[in-house]
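>>> got a predicted structure plus its sequence, pasted below:
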Amino acid sequence: MGRVEPDSPRRVFPVRLMQSDRYILPRLALVGDAAHNCHPVGGQGLNMGIRDAAALAQVLGQAQSKGQDIGHVKTLQPYQRWRKLENWVILAFTDFLDRLFSNQWPPIIGLRRVGLWMLRHIGPVRRIALAIMTGQFGKRPAIAQVNGP
């Protein structure tokens with residue numbers, strides 16, 4: 001096939017914390033990286049995007065079953081209220097982790113060690129952190145519910 005050559009100059013896109021002011025407009029709903037962006041710590045961007053899509057599908061499905069206009073802002077508002085707050089929690093948590101683990105200032109190193117000790121030895125702290133990072137806090141879309149015994 002021959003040698004592979006770049007077609008254009010290399011580009012750099014800095015990783016930064018971002019959340020859109022609005023997730024919705026008439027006939028528009030932002031999901032995933034279009035709505036928010038975070039440091040790739042723990043792969044949370046993908047997880048948040050999947051939960052966004054599932055929540056939007058649930059909101060739209062419920063609206064359609066009631067005969068509502070699925071593009072109307074009032075129909076889309078529950079999606080925005082639901083996902084914007086929950087995404088903010090994850091964005092804040094991942095940004096905190098990034099800042100905590102990329103800092104070499106001695107007091108921060110001490111704080112980091114205490115936090116890791118707490119995660120290892122204090123069950124409720126570990127469960128809260130795990131719930132935040134796995135999307136098990138807040139309102140889960142119906143498609144994400146575990147059914148069975």
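Cool, got the structure.
>>> sec struct for the most centrally placed residue in the chain, please.
Nearest residue to the geometric centre of the chain (C-alpha atoms, centre = their mean): residue 48, 3.1 Å. Under DSSP: H, G, I helix; E, B strand; the rest coil, residue 48 falls in the helix class.
>>> correct me, but it touches residue 89?
No: using C-beta atoms under 8 Å, residue 48 is not in contact with residue 89; the gap is 10.3 Å. Quick note: C-beta positions are derived from backbone N, CA and C, even for glycine.
>>> re earlier: ok, now which ones touch the residue nearest to the centre of the chain?
Residues near residue 48 by C-beta atoms under 8 Å, 6 or more residues apart in numbering: 32, 36, 38, 87, 90, 135.
>>> can you do 7 Å?
Listed by C-beta atoms under 7 Å, 6 or more residues apart in numbering, the contact partners of residue 48 are 36, 87, 90.
>>> which of the residues you listed fall in strands?
Per DSSP state E, strands hold the following members of those: residue 36.
>>> most neighbours out of the contacts of residue 48, which is it?
Scoring these on neighbours with other C-beta atoms under 10 Å, the highest-scoring entry is residue 36 at 24 neighbours.
>>> any regions of the chain where pLDDT drops low?
Low-confidence segments of the chain (pLDDT under 70): 42, 146-149.
>>> let's go with 90 and repeat that
Low-confidence segments of the chain (pLDDT under 90): 1-2, 4-7, 10-17, 37-47, 89-103, 115, 128-149.
>>> need the strands for it, in chain order.
Listed in chain order, the strands found in the chain under DSSP E are 18-19, 24-25, 28-29, 36-37.
>>> deepest of the ones you listed, which one?
For the strands of the chain, the largest average neighbour count (mean count of other C-beta atoms under 10 Å) is found in strand 36-37, namely a mean of 21.
>>> could you check how many residues crowd around residue 144?
Residues near residue 144, counting by other C-beta under 10 Å, number 14.
>>> from residue 67, how far out is it?
According to C-beta to C-beta, to the nearest Å, residue 144 and residue 67 sit 26 Å apart.
>>> would you map the helices across this protein?
For the chain, the helices defined by DSSP state H occupy 44-65, 73-101, 106-121, 123-134.
>>> next, the angle from the last one to helix 106-121.
Regarding helix 123-134 and helix 106-121, their directions subtend 100 degrees when assessed with axes from the mean of the first three to the mean of the last three C-alpha atoms, to 10 degrees.
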